[in-house]
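Colleague: Output the structure for:
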Amino acid sequence: MNEIVKVRNEVRVRQWAEMIRCRNESGLSVSDWCEQNGIKPKTYYYRLKRVRQALCSETEQHDIVPVQSISKHCEDTHIRLSVGNVKVEIPDNFNADTLMRLLGVL
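Modeller: Residues are numbered from 1 along each chain as shown. I've put the predicted structure just below:
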(Lines give C-alpha, C1' and ligand atoms only; values in the text may rest on other atoms or scores of the structure.)
Protein backbone atom coordinates (compact mmCIF):
# COMPACT_ATOMS: atom_id res chain seq x y z
CA MET A 1 0.00 0.00 0.00
CA ASN A 2 1.22 3.46 -0.88
CA GLU A 3 2.70 5.19 2.20
CA ILE A 4 0.51 8.29 1.70
CA VAL A 5 -2.64 6.16 1.51
CA LYS A 6 -1.57 4.26 4.62
CA VAL A 7 -1.03 7.47 6.62
CA ARG A 8 -4.31 8.94 5.35
CA ASN A 9 -6.18 5.81 6.47
CA GLU A 10 -4.53 5.91 9.91
CA VAL A 11 -5.51 9.56 10.36
CA ARG A 12 -9.05 8.83 9.25
CA VAL A 13 -9.38 5.91 11.70
CA ARG A 14 -8.06 8.14 14.54
CA GLN A 15 -10.65 10.79 13.67
CA TRP A 16 -13.40 8.17 13.60
CA ALA A 17 -12.24 6.78 16.96
CA GLU A 18 -12.52 10.29 18.42
CA MET A 19 -16.03 10.60 16.94
CA ILE A 20 -17.03 7.31 18.57
CA ARG A 21 -15.52 8.39 21.89
CA CYS A 22 -17.54 11.63 21.75
CA ARG A 23 -20.73 9.70 21.02
CA ASN A 24 -20.07 7.32 23.91
CA GLU A 25 -19.40 10.19 26.32
CA SER A 26 -22.49 12.10 25.17
CA GLY A 27 -24.83 9.54 26.69
CA LEU A 28 -27.05 9.81 23.61
CA SER A 29 -28.28 6.88 21.57
CA VAL A 30 -26.53 6.38 18.25
CA SER A 31 -29.56 7.57 16.29
CA ASP A 32 -29.98 10.73 18.44
CA TRP A 33 -26.27 11.56 18.30
CA CYS A 34 -26.13 10.99 14.54
CA GLU A 35 -29.16 13.21 14.00
CA GLN A 36 -27.60 16.01 16.08
CA ASN A 37 -24.27 15.72 14.22
CA GLY A 38 -25.57 15.25 10.68
CA ILE A 39 -24.24 11.73 10.26
CA LYS A 40 -26.24 8.80 8.97
CA PRO A 41 -26.38 5.87 11.43
CA LYS A 42 -25.17 3.58 8.64
CA THR A 43 -22.06 5.77 8.27
CA TYR A 44 -21.50 5.74 12.05
CA TYR A 45 -21.64 1.94 12.20
CA TYR A 46 -19.33 1.62 9.18
CA ARG A 47 -16.77 3.84 10.92
CA LEU A 48 -17.19 1.93 14.19
CA LYS A 49 -16.50 -1.31 12.33
CA ARG A 50 -13.36 0.14 10.72
CA VAL A 51 -12.05 1.41 14.09
CA ARG A 52 -12.62 -2.02 15.65
CA GLN A 53 -10.84 -3.72 12.75
CA ALA A 54 -7.88 -1.37 13.15
CA LEU A 55 -7.70 -2.12 16.88
CA CYS A 56 -7.88 -5.86 16.24
CA SER A 57 -5.08 -5.71 13.68
CA GLU A 58 -2.93 -3.78 16.19
CA THR A 59 -3.60 -6.42 18.84
CA GLU A 60 -2.73 -9.25 16.45
CA GLN A 61 0.74 -7.78 15.89
CA HIS A 62 1.84 -8.26 19.51
CA ASP A 63 4.02 -11.19 20.45
CA ILE A 64 3.14 -13.41 23.36
CA VAL A 65 5.81 -13.05 26.02
CA PRO A 66 6.22 -15.68 28.74
CA VAL A 67 5.57 -14.38 32.25
CA GLN A 68 7.46 -15.63 35.27
CA SER A 69 6.20 -15.43 38.81
CA ILE A 70 8.11 -13.01 41.03
CA SER A 71 7.34 -14.86 44.23
CA LYS A 72 5.62 -18.19 44.77
CA HIS A 73 4.83 -17.44 48.42
CA CYS A 74 3.18 -14.05 48.05
CA GLU A 75 0.03 -13.64 50.14
CA ASP A 76 -1.47 -11.02 47.82
CA THR A 77 -0.89 -12.64 44.44
CA HIS A 78 -1.87 -10.63 41.39
CA ILE A 79 -1.93 -11.14 37.69
CA ARG A 80 0.23 -8.55 35.96
CA LEU A 81 -0.32 -7.79 32.28
CA SER A 82 1.72 -5.47 30.11
CA VAL A 83 0.81 -4.51 26.55
CA GLY A 84 2.93 -1.71 25.15
CA ASN A 85 2.75 1.17 27.62
CA VAL A 86 -0.31 -0.27 29.34
CA LYS A 87 0.33 -2.14 32.59
CA VAL A 88 -2.52 -3.81 34.47
CA GLU A 89 -2.46 -5.52 37.89
CA ILE A 90 -5.38 -7.78 38.69
CA PRO A 91 -6.09 -9.20 42.18
CA ASP A 92 -6.95 -12.88 42.59
CA ASN A 93 -10.60 -12.14 43.41
CA PHE A 94 -11.16 -10.16 40.20
CA ASN A 95 -14.44 -11.00 38.42
CA ALA A 96 -13.82 -13.53 35.63
CA ASP A 97 -16.31 -11.93 33.21
CA THR A 98 -14.73 -8.52 33.69
CA LEU A 99 -11.30 -10.05 33.12
CA MET A 100 -12.47 -11.56 29.81
CA ARG A 101 -13.78 -8.17 28.66
CA LEU A 102 -10.52 -6.50 29.71
CA LEU A 103 -8.47 -9.04 27.77
CA GLY A 104 -10.70 -8.47 24.75
CA VAL A 105 -9.90 -4.75 24.85
CA LEU A 106 -6.17 -5.27 25.32
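
Colleague: Need phi/psi at residue 94.
Modeller: phi -70, psi 140 (degrees, to the nearest 10).

Colleague: got the contact list for it?
Modeller: residue 79 (C-beta atoms under 8 Å, 6 or more residues apart in numbering). Just so you know, the C-beta spots here come from the backbone N, C-alpha and C atoms, and that holds for glycine as well.

Colleague: now residue 45: how far from residue 20?
Modeller: 10 Å (C-beta to C-beta, to the nearest Å).

Colleague: More neighbours: the two, which one.
Modeller: residue 20 (17 against 12; other C-beta atoms under 10 Å).

Colleague: which residues are in contact with the lengthiest helix in the chain?
Modeller: If you go by DSSP state H, the chain has its longest helix at helix 3-26. The list of residues contacting helix 3-26 from outside it, by C-beta under 8 Å, 6+ apart, reads 30, 33, 39, 44, 47-48, 50-51, 54.

Colleague: How far does that helix sit from its chain's centre?
Modeller: 13 Å (C-alpha atoms, centre = their mean, to the nearest Å).

Colleague: average pLDDT for that helix?
Modeller: Averaging pLDDT along helix 3-26 yields 90.

Colleague: following it, which helix or strand comes up?
Modeller: Heading C-terminal from helix 3-26, the first helix or strand you meet, by DSSP states H and E, is helix 30-37.

Colleague: Which strands and helices lie in contact with the helix or strand just after that following helix?
Modeller: Moving toward the C-terminus from helix 30-37, the next helix or strand (DSSP H and E) is helix 41-60. For helix 41-60, the elements it packs on are helix 3-26, helix 30-37, judged by 3 or more C-beta pairs under 8 Å, 6 or more residues apart in numbering; DSSP states H and E.

Colleague: so which of those helices comes closest to residue 101?
Modeller: helix 3-26 (15.2 Å; C-beta to C-beta).
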